[in-house]
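>>> need a 3D model of the sequence below.
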Amino acid sequence: MAAIRIAVVGMGKIARDQHLPSIAGNAEFNLVASVSPRDAGVEGVESVANFRSLEALLADGPAIDAIALCTPPQVRYELASMALTKRVHVFLEKPPGATLAEVDALEAQAVETGTTLFAGWHSRFAAGVAPAKAWLAERQIERVSIVWREDVRVWHPGQAWIWEPGGLGVFDPGINALSIATEILPQPFFLTAATLSTPANRAAPIAADLTFRSAAGTPISMDLDWRQTGPQSWDIVVETDDGTLSLAKGGAVLTLPSGTVHNDDEEYPGLYTRFASLIRGGRSDVDTTPFTLVADAFLRGTRTSVEAFDD
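The predicted structure follows:
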């Protein structure tokens, strides 16, 4: 079966750090083009031509079967729709769009055009997530605590778009935690209260405290902060009737009452294995549950102003 000819659209940090190596390591894909208005393309790979726009690639470039869309979410809808119109499969980086309605429209367009649309929640492919889900499925959940604290200056240097409307602010990493929680917890949960702290010179929050409750009444707390220095925290702790489960390092390390489970980190390689399977099977995978919870936080949350923040 011929390899899937793919182009990467948006050649920023996440594309270079994660997408390009994962594509190179997966025989199902053949990287044939990149799209970026500023960059020269993919260094060291002469066969990959760079185009200044997706429109130029689709009009004059090599034939492609799929794109990985790694642009900021605010501009993603038009690009994804353009590709789907040409019956090109689309991998959406997280968050899958700037609004839920955009993603719904893209999903409908994918059905209409017979193409694959994949909302890639990379943290769900962290090594500890699948075994955590299996362990929790047989237990009663009593309490959940999520602490996601990191230094924005380290992980998002110079990314002004992330502070703008649609960029989500601290929910850009926080949505990773929600993608894990909605995957591993056996019951759905919903927001009951939220406080969003926004710097005086920014349009998106730098920190948030949220409270959720599951359908069974289980309390779930979430602490997000982009001002963390020193050790970073990406932790989920679940108390059950059979002991405590913890996921550390963004889901990579699982600790159960019986001990700690270490596995290889397969987040982005796992995403591309899934994307290839969806394309081969003529299916889509567009779960917007984590995005819905973030939207609820913005809709229902109390906003407080904090001192200006400059990176």
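>>> switch to C-alpha atoms for all contacts and neighbour counts from now on
Fine.
>>> so which residues of the stretch 101-250 of the chain form strands?
With DSSP state E, counting those that start in this stretch as the criterion, the stretch 101-250 of the chain has strands at 117-119, 141-149, 189-199, 207-214, 219-225, 233-240, 243-248.
>>> quick check, central residue of this structure?
By C-alpha atoms, centre = their mean, the chain has its centre lying nearest to K94, at 3.0 Å.
>>> now do the same for V48: its pLDDT.
The per-residue pLDDT reported for V48 equals 82.
>>> what does V45 give?
V45 is given a pLDDT of 56.
>>> now swap in A40 and tell me
60.
>>> helix or strand with the lowest mean pLDDT in the protein?
strand 259-262 (a mean of 78; mean pLDDT, DSSP states H and E).
>>> packing partners for that one?
Here strand 259-262 touches strand 253-256, going by 3 or more C-alpha pairs under 8 Å, 6 or more residues apart in numbering; DSSP states H and E.
>>> average model confidence for the strand it packs on?
When pLDDT is averaged along strand 253-256, the result is 95.
>>> remind me what it packs against, helices and strands.
Right, strand 253-256 is packed against strand 243-248, strand 259-262 by 3+ C-alpha pairs under 8 Å, 6+ apart.
>>> would you mark the buried spots in that strand?
Buried residues in strand 253-256, counted by 16 or more other C-alpha atoms under 10 Å: V253, L254, T255, L256.
>>> can you put the strands of the stretch 101-250 of the chain in TSV and add mean neighbour count?
Formatted as TSV, those follow (neighbours: other C-alpha atoms under 10 Å):
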stretch	mean neighbour count
strand 117-119	25
strand 141-149	21
strand 189-199	19
strand 207-214	20
strand 219-225	20
strand 233-240	19
strand 243-248	19
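>>> dump those to a markdown table, plus distance to A66 and mean pLDDT.
Formatted as a markdown table, the strands of the stretch 101-250 of the chain follow (distance: least, C-alpha to C-alpha, whole Å; pLDDT from 0 to 100):
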| stretch | distance to A66 | mean pLDDT |
| --- | --- | --- |
| strand 117-119 | 10 | 98 |
| strand 141-149 | 33 | 98 |
| strand 189-199 | 34 | 97 |
| strand 207-214 | 36 | 98 |
| strand 219-225 | 34 | 98 |
| strand 233-240 | 32 | 97 |
| strand 243-248 | 33 | 96 |
